[in-house]
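# got a predicted structure here, sequence first:
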2 protein chains.
Amino acid sequence: MKIDVVKNVLDANDRIAEENKALFEKSGTWVINLMSSPGAGKTTLVEKTIEALKDKYSIAVIEGDIEDTCDAERVARHGVPVVQINTGGACHIDGNMVREALPNFDLQGIDLLIVENVGNLVCPAEFRIGENIKAMILSTPEGADKPAKYPLMFQESAVMIINKTDLIPYVDFDMEQAKRSALGCNRDLVIFEVSCKTSEGLTGWFQWLEDQIESYKKQDP
Amino acid sequence: MKIDVVKNVLDANDRIAEENKALFEKSGTWVINLMSSPGAGKTTLVEKTIEALKDKYSIAVIEGDIEDTCDAERVARHGVPVVQINTGGACHIDGNMVREALPNFDLQGIDLLIVENVGNLVCPAEFRIGENIKAMILSTPEGADKPAKYPLMFQESAVMIINKTDLIPYVDFDMEQAKRSALGCNRDLVIFEVSCKTSEGLTGWFQWLEDQIESYKKQDP
């Protein structure tokens, strides 16, 4: 009996992620992999982003959850195509889960695909899915010590969105420490300070996203 | 060449957890496995619990983090023995990590061992470490939808501590929904509503913990 051993599950995942990426490039779809702790505000950011950009771009969303479809239902109310991935216990989305979801979309017509990962500050950062960028949310009640404790998430992300700035008067959050520590993990990190509740600071994020999509479209042959 | 295959990593972990549990029973040490999302308030709860109970019981702590020792340093200031487990990337503590930490303690003299797991609402719930109970913290800024989205954590825990009640006026947290949904996962869940910041509600938790330790001591031969 011959036993094949996949030496490195991350290598296997990377191959699928590359295939996904090739599909996205073909269709001119810019893809963001959005990660955070549970309850940091991913779904609310997705909803606000759809509302801000849906008249200009065609947007689709993949919602990743262990089980449950409540986030997908929230997003679907904004009139964009949504596919729910239920990981069935797995604590992250991987390349293959995204591949399985793609036949549910007409990729050719989609400018921006937002993949909302499972709420987890650890494992999602380890798995590529074919995205253009990873972005992560740090919410102020979580505390400024998170980059030191979960560095990979900050190293892998191109963007850190510091959410729930409206709670700063009520929580012990040291904004300067959070930014300094995150930049210590990744000096190229683009940082936005926002409140998804009050919408404060979100226009900077929307503009940055628009710039990425526009510059991607220009590269597109 | 013979290749041994461990069929189920969780089975292998359970065997080590049982061995740990036998050691704890021999020394009369009551063990709590404390879990939550990042930043929900585990370390602050550990600190407050030590201050409340250290005159009555001998307490030790194992701190689990991917890297960094800042939580262990916070806890050590309270004058109890602390061992830091750095998981080196792993998103949870398992039975073997705890076994490796135990020679650092004189278990015979310890009434209460608190194991603070890695901040993660998913995987820690899957791995037994030899604990008497699992307890989890849900903080109000995370939202009331967490039991529906991360049910295993709530199923596996004997206790849910709803923390950051001081933030309720500023966040959209439906206390009744959170409790109903958590009890839907696990109808035996013991629930405390607390603010580790203001100390409101903590006496109920301390009393419950004391009751557990006392009744465990009575069982102890």
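Received, thanks. Please read all numbers here as calculations on a predicted model, not as lab measurements.
# chain center to the lowest-mean-pLDDT helix or strand in chain A, what's the gap?
Here the helix or strand of chain A ranked lowest by mean pLDDT, DSSP states H and E is helix A:9-27, holding a mean of 92. Distance of helix A:9-27 from the chain centroid (Cα atoms, centre = their mean, to the nearest Å) equals 16 Å.
# after it comes which helix or strand?
strand A:30-36 (DSSP states H and E).
# ok, then the element right after that following strand?
With elements assigned by DSSP H and E, the helix or strand that comes after strand A:30-36 is helix A:42-53.
# so which bits of that following helix are buried?
By neighbour count on 16 or more other Cβ atoms under 10 Å in any protein chain shown, the buried set for helix A:42-53 is A:Lys42, A:Thr43, A:Thr44, A:Leu45, A:Val46, A:Glu47, A:Lys48, A:Thr49, A:Ile50, A:Ala52, A:Leu53. Placement of C-beta: from N, CA and C, glycine included.
# using CSV, write out every CA atom in that helix.
This file holds the C-alpha atoms of helix A:42-53, laid out as CSV (Å, rounded to 0.1, in the frame of the first residue of the first chain):
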residue,chain,number,x,y,z
LYS,A,42,-16.5,43.1,10.1
THR,A,43,-20.1,42.7,9.0
THR,A,44,-20.9,46.3,9.8
LEU,A,45,-17.9,47.5,7.8
VAL,A,46,-19.0,45.3,4.9
GLU,A,47,-22.4,46.8,5.0
LYS,A,48,-21.2,50.4,5.1
THR,A,49,-18.7,49.7,2.3
ILE,A,50,-21.4,48.3,0.1
GLU,A,51,-23.6,51.3,0.7
ALA,A,52,-20.7,53.7,-0.1
LEU,A,53,-19.5,52.0,-3.3
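# tell me which strands and helices the helix or strand following that helix is in contact with?
Counting by DSSP H and E, the next helix or strand C-terminal to helix A:42-53 is strand A:59-65. On a contact count with 3 or more Cβ pairs under 8 Å, 6 or more residues apart in numbering or on different chains; DSSP states H and E, strand A:59-65 meets helix A:42-53, helix A:70-76, strand A:82-86, helix A:95-101, strand A:112-116.
# now render these as JSON lines, adding distance to B:Ala158 and mean pLDDT.
Shown next, in JSON lines, are these (distance: least, Cβ to Cβ, whole Å; pLDDT from 0 to 100):
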{"stretch": "helix A:42-53", "distance to B:Ala158": "29", "mean pLDDT": "98"}
{"stretch": "helix A:70-76", "distance to B:Ala158": "26", "mean pLDDT": "95"}
{"stretch": "strand A:82-86", "distance to B:Ala158": "27", "mean pLDDT": "95"}
{"stretch": "helix A:95-101", "distance to B:Ala158": "32", "mean pLDDT": "95"}
{"stretch": "strand A:112-116", "distance to B:Ala158": "31", "mean pLDDT": "98"}
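# I'd like those as JSON lines, with distance to A:Lys217 appended.
JSON lines is the format used below for those (distance: least, Cβ to Cβ, whole Å):
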{"stretch": "helix A:42-53", "distance to A:Lys217": "14"}
{"stretch": "helix A:70-76", "distance to A:Lys217": "24"}
{"stretch": "strand A:82-86", "distance to A:Lys217": "23"}
{"stretch": "helix A:95-101", "distance to A:Lys217": "22"}
{"stretch": "strand A:112-116", "distance to A:Lys217": "11"}
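# ok, the residue sitting nearest the centre point of chain A - contacts?
In chain A, the centroid-proximal residue (Cα atoms, centre = their mean) is A:Leu34; its distance is 1.0 Å. Residues near A:Leu34 by Cβ atoms under 8 Å, 6 or more residues apart in numbering or on different chains: A:Lys42, A:Leu45, A:Val46, A:Ile114, A:Val115, A:Glu116, A:Asn117, A:Lys134, A:Ala135, A:Met136, A:Ile137.
# many thanks, I have nothing further to ask.
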